[in-house]
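Asks: sequence first, then the predicted structure, then my questions.
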Amino acid sequence: MTSHFNVPVEVETFYIAAQSDPSSDRYVFAYTITIRNLSEESVQLLRRYWLISDANGKQTEVEGDGVVGEQPNLAPGSSYRYTSGAVLETPVGTMQGHYEMATSQHERFKTDIPLFRLAMPNILN
């Protein structure tokens with residue numbers, strides 16, 4: 001799989017206090033991903049892979065088809081945004097991974113999802 005396609009991924013994270021229960025080691029986070037197609041041809045997101053780590057060193061791998069039930073097509077210059085979530089047993093953790101993409105010519109490549117932090121507000125200085 002090649003990776004000469006310019007498909008950057010941006011992430012925003014949010015702590016969801018209303019769904020979290022720290023006394024039960026349940027910390028709920030949402031993240032909004034924006035995928036931009038800066039390449040000169042259309043691409044489709046086929047699969048996702050996540051590595052989710054909490055502060056206790058517990059790691060969870062998640063993979064599957066598409067994101068939020070979709071396998072979006074991105075025309076050159078367009079972007080796709082979605083929001084999903086993760087539940088951790090600690091107030092701080094990280095996520096990273098990649099998307100498996102394909103061009104209209106069925107050339108497959110991976111685009112990295114940079115490591116990002118999930119953190120309860122005011123837990124880190």
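Replies: Sure thing, it's come through.
Asks: since we're on the residue nearest to residue 36 when sequence neighbours are not counted, how many residues are nearby?
Replies: Excluding its sequence neighbours, the residue lying closest to residue 36 (Cβ to Cβ, 6 or more residues apart in numbering) is residue 79, at 4.4 Å. Yep, even glycine has a C-beta here, placed from its N, CA and C like the rest. The tally of other residues near residue 79 (other Cβ atoms under 10 Å) stands at 15.
Asks: quick check: residue 79 touching residue 34?
Replies: Yes - if you go by Cβ atoms under 8 Å, residue 79 and residue 34 touch, sitting 5.7 Å apart.
Asks: and the helix or strand harbouring residue 32, what other elements does it pack with?
Replies: In this structure, residue 32 is located in strand 27-36 according to DSSP states H and E. Applying 3 or more Cβ pairs under 8 Å, 6 or more residues apart in numbering; DSSP states H and E, one finds that strand 27-36 makes contact with strand 9-15, strand 79-88, strand 92-103, strand 108-119.
Asks: quick check: residue 29 touching residue 16?
Replies: Yes - Residue 29 lies in contact with residue 16 (Cβ under 8 Å); the separation is 6.5 Å.
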